[in-house]
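Visitor: predicted model and sequence below, questions to follow.
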Amino acid sequence: MLTLLKGSELKERYVVHDVIGTGGYASVWKASDKQLNRDVALKRLLKQGFAPAPDLAALLDEAQKNARLVHTNIVQIYDIIEVDDEHLIVMEYVDGQSLNELLREKARKSELFPLDRSISTLREILAGVAFAHSKNLCHRDLSPMNILVTSSGIPKIADFGIARVLESRTTPAATPATGTQGGTGNPNFMSPEQARGEPADFSSDLFMVGIIGYSLLTGRHPFAHSSGLFSIVELLRDPDYVPDTPRPQSSLTGSQQRLFREYVAVVMRLLHRERAGRFASAQEAIAAIEAVTPSLDCPACGERVPEHHKFCGYCGATLQTSQVAPSTGLPQAVLDMSPEDLVEQGYRLGLIQKWDAAMELYRLAMQKDPNLQKAYRNLGYALNRIGEYEDALNVLSDGLKVASPQLQHQASLYHERAYANANLKHYPEALTDIQKALSRQPDSPKSLYLRARINLYRGDIDAARSDAHQVLRFVPDHSGAIRLLDELR
C-alpha cells in the first residue's frame with residue numbers, strides 16, 4: 001500500500017511535501033517536479049469515498065480527456081502515474097485560495113468584492129467554461145469550492161472529476177447509476193434540471209456559473225432564503241421560486257449603479273430556471289458582459305476604445321462607429337467587393353459581435369488577396385474573441401509570413417498571437433510575441449497591459465507590476481492596470 005510522507009519521492013521525479021486537502025474521493029498533496037523544476041499537485045484517488053471502486057477506470061479515463069484542457073483559467077492536468085498499484089493525477093499547483101474561502105472572508109467582514117473585480121472574475125470563469133465546452137467537456141460541478149484563485153487574482157477552474165464528454169451541445173451527460181442529482185458533486189450548486197434528476201449539459205454549467213456570479217456581486221447564495229426556513233436544495237427544486245434581483249449599493253456612483261444593474265441582468269439570465277431562457281453558450285454570456293461597456297478597435301492604432309468616443313484617445317484618429325445589419329449570406333454584391341472593402345465590412349460586423357459573418361468575409365478577402373495582412377489580423381482577433389486559440393495561432397502565423405512594411409499591422413499580429421499563446425499557457429512564446437509587438441509599437445498601453453498579464457501568469461510579479469505602472473503613465477485610469485496593482489499589494 002502506498003504511503004505518502006513528507007520528503008518521499010515518487011517515480012524518481014516527484015518529491016512530496018504537504019497534504020493540501022482531502023475531498024470525497026481524493027486527497028491532494030503539494031510536491032516538486034525535479035525534472036521540470038516546478039511545483040505540482042498530486043491527487044491521490046481514494047479507494048473508498050465518493051467514487052466506488054468500479055469507477056476508478058472511468059475517473060482515470062476522464063483525467064486523460066481533461067489533460068487536453070490547456071487554458072489560463074483551468075487547472076491543468078500534466079500526467080497520471082501509478083505507484084504501488086495506486087493512481088495519482090499530477091496537476092498544476094495553484095498558490096492561492098478557493099473562491100469559496102475568499103467569499104467567506106469577505107462575508108465575515110460584511111464586505112463585498114469591488115464591482116470590476118467581481119465582473120473580471122466572472123468573465124474569466126466563463127472563459128474557462130467556454131474553452132472546456134469547445135472541447136465538448138461538461139464540468140457538472142462548478143462551485144466556488146472548485147474555483148481556485150491564485151495569489152495574483154487569476155481564477156482557475158479545478159476538479160473535473162465528474163466531468164463528461166458530450167457529443168454535441170444538445171446531448172446531456174449520462175447520469176451515473178449512483179446519485180440522484182444528475183451527476184452533480186454539490187447539491188447546493190446544481191441546476192434545476194439536475195435537482196429534478198435529469199442529466200446535466202452545457203446549459204447546466206451556465207446556471208452554476210450564474211450562482212457563482214450572484215455570490216460575487218452580492219456575497220450571498222441566490223437560493224439562500226433570508227428567513228432561514230428553507231434549504232437551498234428545496235428552493236432549487238421549487239419551480240415557482242425566483243431569486244431576488246440584486247440592487248446596487250447606495251455607496252456606488254450613478255454610473256456604477258447603472259453598470260451594476262446591467263451586469264445583474266447578465267447573471268439573472270444565467271440563473272433562468274429553464275434552459276431556453278439562459279444564454280446559448282458561455283461565449284454568448286461573455287459577449288453580454290462585454291456589451292455592458294462596449295468598445296471597438298481604433299482603425300489606425302488598434303487600441304480598444306469605448307464605443308461612444310468619437311476620437312481615439314491614443315492616436316487621435318476619427319472612429320467609425322456606424323453599424324450594419326448582419327449578413328445572412330454572401331450575395332453577389334458582397335462577392336464583388338474588393339478585399340479591403342470585405343475587411344471593412346467584416347470589421348463593422350465585429351462591432352456588433354457577429355463573429356461568424358465577419359470571419360466569413362475575412363476569409364473571402366484572404367482568398368482574393370493572400371497578401372492582405374489586415375485580413376489575417378482581423379480573423380485572428382475574431383478567433384481569439386470566440387476562444388478558438390489554436391486556429392488563431394495558425395492564422396496569425398500565416399499573416400506574419402506576409403511581407404509588409406507597416407509596423408502597425410505587424411505589431412497587431414504579434415499582439416494577437418501573444419494573446420492566443422497566453423490563453424493556451426504557452427507563456428515563453430507569448431512573452432516573445434508581445435516583446436516583438438512592443439518593439440514595433442513601444443508605447444502601446446494595450447500591449448504593455450498584455451505583457452503585464454503574461455508576466456503575472458508566469459509568476460514574475462515584479463515585471464508585471466512594472467508593466468502595469470507603465471500602462472498608467474499613458475492611461476492613468478486604466479481599470480485593468482489599477483486592478484492588477486491592487487491585487488499585487
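Guide: Okay, I see it. Numbers count the residues shown, from 1 in each chain.
Visitor: so if we follow the domain assignment, how does the chain break up?
Guide: Domains of the chain are assigned by automatic domain parsing as 9-92, 96-291.
Visitor: by mean pLDDT, show me the worst of those.
Guide: With a mean of 81, domain 9-92 has the lowest mean pLDDT of the domains of the chain.
Visitor: so what's Ser134 up against?
Guide: Counting by C-beta atoms under 8 Å, 6 or more residues apart in numbering, Ser134 makes contact with Gly387, Glu388. (Each C-beta comes from the backbone N, C-alpha and C, glycine too.)
Visitor: how about Asn146?
Guide: Contacts of Asn146 (C-beta under 8 Å, 6+ apart): Ser98, His139, Ile157, Ala158, Asp159, Gly185.
Visitor: now do the strands in the protein.
Guide: With DSSP state E, the ranges of strands along the chain come out as 9-10, 14-22, 26-33, 38-45, 77-83, 86-92, 96-98, 137-138, 147-150, 155-157, 164-165, 295-297, 304-306.
Visitor: where does the stretch 301-450 of the chain have low pLDDT?
Guide: 301-317, 319-331 (pLDDT under 70).
Visitor: just give the nearest non-adjacent residue to the most centrally placed residue in the chain, would you?
Guide: Central residue of the chain (C-alpha atoms, centre = their mean): Ala127, 2.2 Å from the mean position. Counting by C-beta to C-beta, 6 or more residues apart in numbering, Asn73 is the residue found nearest to Ala127 once chain neighbours are left out, at 5.3 Å.
Visitor: how many other residues sit next to that neighbour?
Guide: The tally of other residues near Asn73 (other C-beta atoms under 10 Å) stands at 22.
Visitor: measure it to Val40 for me?
Guide: Distance from Asn73 to Val40, counting by C-beta to C-beta, to the nearest Å: 19 Å.
Visitor: which ones are touching Leu5?
Guide: Leu5 sits next to Val16 when contact means C-beta under 8 Å, 6+ apart.
Visitor: let's see it at 10 Å
Guide: By C-beta atoms under 10 Å, 6 or more residues apart in numbering, the residues touching Leu5 are Val16, Trp29.
Visitor: and for Leu485, nearest residue in space, chain neighbours not counted?
Guide: Leaving aside its chain neighbours, Leu485 sits nearest to Ala468 (5.0 Å; criterion: C-beta to C-beta, 6+ apart).
Visitor: again with Phe131
Guide: Closest residue to Phe131 apart from its sequence neighbours, by C-beta to C-beta, 6+ apart: His71 at 4.4 Å.
Visitor: residue contacts, the residue nearest to Leu485?
Guide: For Ala468, the contacting residues are 448-449, 451-453, 455-456, 478, 480-488, by C-beta under 10 Å, 6+ apart.
Visitor: ok, Leu36 next?
Guide: Arg13, Tyr78.
Visitor: distance of it from Ser227?
Guide: Taking C-beta to C-beta, one finds Leu36 at 53 Å from Ser227.
Visitor: and for Lys6?
Guide: Distance of Lys6 to Ser227, computed by C-beta to C-beta: 47 Å.
Visitor: higher neighbour count, those two?
Guide: The neighbour comparison of Lys6 against Ser227 (other C-beta under 10 Å) goes to Lys6, with 12 against 5.
Visitor: tell me if I'm right that the more buried one and Ser32 touch.
Guide: No - using C-beta atoms under 10 Å, Lys6 makes no contact with Ser32, being 11.5 Å away.
Visitor: need the overlap of contacts for these two.
Guide: Val15, Val16, His17.
Visitor: quick one: which of those is nearest to Pro428?
Guide: Val15 (24.6 Å; C-beta to C-beta).
Visitor: and Leu485, what does it touch?
Guide: Going by C-beta under 10 Å, 6+ apart, the list of residues near Leu485 reads Ala452, Ala464, Arg465, Ala468, His469, Val471, Leu472.
Visitor: what pLDDT is listed against it?
Guide: For Leu485, the model assigns a pLDDT of 91.
Visitor: please tell me how far it sits from Arg465.
Guide: Counting by C-beta to C-beta, the gap from Leu485 to Arg465 is 6 Å.
Visitor: mind listing the shared neighbours of these two?
Guide: Ala452.
Visitor: all helices for the stretch 351-489 of the chain, in order.
Guide: 355-368, 373-385, 389-400, 407-423, 427-440, 445-458, 461-474, 479-487 (DSSP state H, counting those that start in this stretch).
Visitor: how far does the first one sit from its chain's centre?
Guide: If I follow you right, that is helix 355-368. Relative to the chain's own centre, helix 355-368 is displaced by 26 Å; criterion: C-alpha atoms, centre = their mean, to the nearest Å.
Visitor: and it, what does it pack onto?
Guide: helix 332-335, helix 339-351, helix 373-385, helix 389-400 (3 or more C-beta pairs under 10 Å, 6 or more residues apart in numbering; DSSP states H and E).
Visitor: what about 7 Å?
Guide: The contact analysis (3 or more C-beta pairs under 7 Å, 6 or more residues apart in numbering; DSSP states H and E) places helix 355-368 against helix 339-351, helix 373-385.
Visitor: between those, which one is closest to Ala67.
Guide: Across these, closest to Ala67 is helix 373-385 (C-beta to C-beta), at 23.1 Å.
Visitor: who are the packing partners of that closest one?
Guide: Short answer (3+ C-beta pairs under 7 Å, 6+ apart): helix 373-385 packs on helix 339-351, helix 355-368, helix 389-400, helix 407-423.
Visitor: list of residues touching the last one?
Guide: Think helix 407-423. Here helix 407-423 makes contact (C-beta atoms under 7 Å, 6 or more residues apart in numbering) with 71-72, 301-302, 373-374, 376-377, 380-381, 384, 389, 392-393, 396-397, 399-400, 404, 429-430, 433-434, 436-437, 440-441, 444, 446-447, 450, 453-454, 457.
Visitor: report the buried residues of that helix.
Guide: Buried residues in helix 407-423, counted by 16 or more other C-beta atoms under 10 Å: 408-423.
Visitor: again with stretch 272-290
Guide: Applying a neighbour-count criterion of 16+ other C-beta under 10 Å, one finds 272-273, 275, 278-279, 281-289 buried in stretch 272-290.
Visitor: so which of these are in helices?
Guide: Ala282, Gln283, Glu284, Ala285, Ile286, Ala287, Ala288, Ile289 (DSSP state H).
Visitor: distance of the nearest residue to Asp244 once chain neighbours are set aside relative to Tyr347?
Guide: Nearest residue to Asp244 in three dimensions, chain neighbours excluded: Pro222, at 7.8 Å (C-beta to C-beta, 6+ apart). Remark: distance between Pro222 and Tyr347 (C-beta to C-beta) = 39 Å.
Visitor: more crowded one of the two?
Guide: Legend: neighbour count by other C-beta under 10 Å for Pro222 and Tyr347, higher for Pro222 (23 against 20).
Visitor: okay but the more buried one is in contact with Leu271, surely?
Guide: Yes - with contacts counted by C-beta atoms under 7 Å, Pro222 reaches Leu271, the gap being 6.1 Å.
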